[in-house]
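J.: Next input, structure requested:
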Amino acid sequence: MEVKINGEVMDIWKSKYQNNDRIALMLITKGGEPYATVTVNVPEIILEKNEVCIKNYSENEGILEQLISQGILSEPIYSVTDTIILIQICKLLQEIDMEDV
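T.: Prediction:
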């Protein structure tokens with residue numbers, strides 16, 4: 001699935017974290033290079049089906065808003081703090097095919 005992030009068209013890939021099968025989302029450039037991992041895996045957070053923990057800080061700042069505006073993710077349902085980092089919990093709104101990463 002294609003998305004536009006910071007003015008660049010790229011692919012969003014869906015995979016799973018190996019230790020708990022939660023959804024992992026990655027942005028990949030059209031040249032096939034990894035751009036960003038959108039999600040973080042925080043096993044202590046209880047998630048419903050299709051909910052994801054979003055990394056919206058550091059180099060990922062602003063990506064959440066762009067994915068919301070394109071209908072990929074919902075507005076944050078709630079937020080939790082993992083040590084000092086604020087993690088946004090959102091629903092994945094679009095069906096994204098699994099990729100082998």
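
J.: mind checking which helix or strand of the chain has the lowest mean pLDDT?
T.: Every helix and strand of the chain was ranked by mean pLDDT, DSSP states H and E. The lowest is strand 78-82, at a mean of 87.

J.: Quick check: Leu67 is in a strand.
T.: No - under the criterion used here (DSSP: H, G, I helix; E, B strand; the rest coil), Leu67 is helix, not part of a strand.

J.: Hmm, it is touching Ala36, no?
T.: No - applying C-beta atoms under 8 Å, one finds Leu67 not in contact with Ala36, separated by 10.7 Å. C-beta: built from backbone N, CA, C; applies to glycine.

J.: Mean confidence (pLDDT) on the lengthiest strand in the chain, please.
T.: In the chain, with assignment by DSSP state E, the single longest strand is strand 8-16. Average pLDDT, strand 8-16: 96.
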